[in-house]
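K.L.:
From the sequence below, what's the structure:
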Amino acid sequence: MVTSRQVARGVVRSMRAMDRAAKQAERRRVTHQQALRRQAMLDASADAAAEYEAVIEALTGAHRVVLSRRDWLTTATAATVAMPDRRDDAERRAAAELDSYTPGWFTRVLKREERAREALAEAVEAARVQDDADHTRRIQAAEEQNRAITEAQRVVERNPDAMVRALEAHSALGTLPYSVEGLDTLFIDGRIVAVVDGLDLEDMPEESISLLKSGKASVKALPIGKRHEIHRDAICSAAVRVAIEFLAVLPIDEVEVVMLTDILDRGSGHIDALPVLHLRVTLQAINTLNLQRTDASALVDRLGGHIDWNKRDGFRAINAAAFGIDFGE
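P.N.:
From the prediction side, this is the model:
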């Protein structure tokens, strides 16, 4: 026999079990939420660190590409294409269908012969338009091919305008926002000189982001000396990359690069874009270097670049006239 007191104790035990289950579920939910927050924080830290490394690589690793030269000579020596004659293949096929048309019994009974002949006549006209369009396309293709041959001949002949157009059309210089802000090409007594507006010190990161062993991000202010190093490597990397693009796109064996960056005149307090690096790069020399594994400043040193830089002050201007380059010309 179950007493009322025993029933009450059973209800209490059930309520306590339900309460324990609810508290356990809440603890699991809180633990899960905390785990998600920790993971989100770790993921954000990892993303921030990876983004910082990507920025540094973009700034200082623009030179890590494969030099693949464009073949202008094959195009320049190709025979020009004669303008194609107009063909009327489609029109003749449509006209033949019209001429050979014989209405069937069903068409005659429904008196649809006239309508069918009109449709075939319209098809002849449409085919004539199609032939015209095809002729226009073939003329345009021939003209484009001949323009390419003429342009290649001008490039091979080292026509300045053609060489600049070739760089604009075929180089990756316009896709280097982390390296080049502007570029001019000078042609001086048979020399080709790229004058590049490089990034400035203020474009360099002011903080570094790295991961601790715990997986959390460590954000630290970069010392000025480290920012000067990054700036040096960015300027050197841009110079080498510009040289690579010129050697890859143009049929030349050497190119000179002058890098400009903002320099503070401590006497006047003025900031001007001044030359800070002169680099002469030959195809023979660049082919002996391991571009993928060598830091940009080391490459510039091996190539005999002229630069005035120290870790405390950063860049100092160099005299471009010493290399026969006068920006006032």
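K.L.:
Test for you: state the pLDDT assigned to Leu212.
P.N.:
pLDDT recorded at Leu212 is 71.
K.L.:
That one is in contact with Lys220, isn't it?
P.N.:
No. Judged on Cβ atoms under 8 Å, Leu212 makes no contact with Lys220 at a distance of 11.3 Å. No exception for glycine: its C-beta is placed from N, CA and C like everyone else's.
K.L.:
In contact with Arg191: list those residues for me.
P.N.:
With contact set as Cβ atoms under 8 Å, 6 or more residues apart in numbering, Arg191 has these partners: Glu256, Gly324.
K.L.:
who does it bridge with?
P.N.:
On the basis of DSSP bridges, Arg191 is bridged to Ile188.
K.L.:
From Val66, how far out is it?
P.N.:
Look at Arg191 and Val66: by Cβ to Cβ, to the nearest Å, they are 26 Å apart.
K.L.:
now Asn319
P.N.:
Asn319 sits 34 Å away from Val66, taking Cβ to Cβ as the criterion.
K.L.:
so Gly304, which of the three states?
P.N.:
With DSSP: H, G, I helix; E, B strand; the rest coil as the basis, Gly304 sits in coil.
K.L.:
Neighbours of it, how many?
P.N.:
Using other Cβ atoms under 10 Å, Gly304 has 11 neighbouring residues.
K.L.:
Check Arg64 too.
P.N.:
Residues lying near Arg64 (other Cβ under 10 Å) number 18.
K.L.:
before we move on, what about Phe246?
P.N.:
By other Cβ under 10 Å, the burial measure for Phe246, its neighbour count, is 25.
K.L.:
same thing with Leu183?
P.N.:
Counted with other Cβ under 10 Å, residues neighbouring Leu183 total 22.
K.L.:
quick thing: my sequence starts at 332, can you match it?
P.N.:
Renumbered: residue one is now 332, and that last one reads Leu514.
K.L.:
Skip the chain neighbours and tell me the closest residue to it.
P.N.:
Nearest residue to Leu514 in three dimensions, chain neighbours excluded: Val527, at 5.1 Å (Cβ to Cβ, 6 or more residues apart in numbering).
K.L.:
if I read this right, the one you found contacts Ser568, doesn't it?
P.N.:
No. Checked against Cβ under 8 Å, the pair Val527 and Ser568 is beyond contact range at 11.4 Å.
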